[in-house]
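Novice: structure of the sequence below:
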Amino acid sequence: MEQASQSGIILKSKFAGSAARAHPPLKNTGIGEQLPSAGVSEIPRRQTLFFEGDSADAIFEICTGTVELYKTFLSGRRGVLGFFRAGAIVGFAMDADYPYSAEAVTPCQVRRISRSSLDRVLGRNASFAKRLLEATCRELTVTQEKMFILSRKSPAGKVAWFLLQHKRPSASGATHMAVVEMPMSRADIADYLGMAPETLCRTLTKFKRDGLILADTPYRVRLRNIARLGTLAAEACN
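Specialist: Below you'll find the predicted structure:
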């Protein structure tokens with residue numbers, strides 16, 4: 001990875017700081033139904049949910065917005081592990097401390113569930129435990145696929161894979177083109193894909209020129225040729 005996204009000294013601020021406001025529970029993964037007392041808090045853009053090395057005493061359900069997971073190297077460089085949207089759960093840790101940090105890329109609504117509360121729910125509700133395990137396995141599958149993709153050398157294949165992973169159906173009835181929201185910085189996306197930001201920008205420009213995508217804004221594109229993008233992503237695996 002060739003680009004540092006941010007560096008410097010970061011002062012720790014716990015999740016329960018004054019910036020978090022309580023909201024009524026939302027329904028996404030079923031955790032809100034199992035733990036109705038676990039309210040939803042509003043997290044401003046670029047506020048950290050937890051830092052690598054903090055005590056892993058809770059998990060977090062993303063209700064709205066986008067959260068970025070990253071590790072910070074001794075040089076101060078940030079290595080992006082992934083971007084997670086509504087319905088995802090972050091903060092699972094096998095050890096006592098978090099192995100990575102989590103930061104709000106956009107304003108978010110996030111439900112904080114203590115590990116002790118989660119353990120009680122899992123102990124009494126086998127069907128919920130099964131759903132949570134299935135969701136974790138899906139995330140693991142995507143992570144394994146990403147590791148394989150990043151071992152390839154094709155920037156086009158990497159970027160095509162990223163776009164397909166993050167596509168959403170169009171909200172407009174006038175078009176059937178899938179939409180990709182990219183609120184994260186180009187440097188963070190490039191870091192995640194293991195390429196320089198300049199390479200990412202050149203690849204997106206080529207995709208636009210070749211008619212594969214249509215850029216609505218710097219942070220939102222529509223996929224005009226999903227079949228071709230799928231072929232590029234598949235070629236990166238061969």
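Novice: find the nearest non-adjacent residue to residue 211, please.
Specialist: residue 224 (5.8 Å; Cβ to Cβ, 6 or more residues apart in numbering). Where C-beta positions appear, they are placed from N, C-alpha and C, glycine not excepted.
Novice: what about that neighbour, how many residues nearby?
Specialist: The number of residues packed near residue 224 is 17, by other Cβ atoms under 10 Å.
Novice: so how far is residue 216 from it?
Specialist: Distance, residue 224 to residue 216, using Cβ to Cβ, to the nearest Å: 12 Å.
Novice: helices of this protein, start to end?
Specialist: Assigned by DSSP state H, the chain shows helices spanning 31-34, 115-124, 126-150, 155-165, 186-193, 197-209, 226-235.
Novice: could you chop this protein up by domain?
Specialist: 21-148, 152-235 (automatic domain parsing).
Novice: flag the shaky bits of the chain, pLDDT-wise.
Specialist: 1-38, 142, 149, 170-176, 236-238 (pLDDT under 70).
Novice: I'd say residue 163 and residue 223 touch.
Specialist: Yes. The criterion here is Cβ atoms under 8 Å, and residue 163 meets it with residue 223 at 6.3 Å.
Novice: what touches both of those two?
Specialist: Common neighbours of residue 163 and residue 223 (criterion: Cβ atoms under 8 Å, 6 or more residues apart in numbering): 180, 213, 229.
Novice: from those, pick the one nearest residue 138.
Specialist: residue 180 (19.3 Å; Cβ to Cβ).
Novice: dump the residue contacts of the closest one.
Specialist: Contact partners of residue 180, counting by Cβ under 8 Å, 6+ apart, are 163, 166-168, 213, 220-223.
Novice: quick one: which of the residues you listed sit in strands?
Specialist: Mapping these onto strands (DSSP state E) picks out 167-168, 213, 220-223.
Novice: could I have the buried ones of the residues you listed as ChimeraX selection syntax?
Specialist: A single ChimeraX command selects the buried members of those (16 or more other Cβ atoms under 10 Å):
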select :167,213,221,222,223
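Novice: in the ones in strands among the contacts of residue 180, find the pair that's most separated.
Specialist: 168 and 213 (13.9 Å).
Novice: state the distance from the residue of the chain most remote from its centre to residue 118.
Specialist: Distance from the C-alpha centroid of the chain peaks at residue 124, with 29.6 Å (Cα atoms, centre = their mean). Residue 124 sits at a distance of 11 Å from residue 118 (criterion: Cβ to Cβ).
Novice: distance of the residue nearest to residue 211 relative to residue 177?
Specialist: From residue 224 to residue 177 the distance is 6 Å (Cβ to Cβ).
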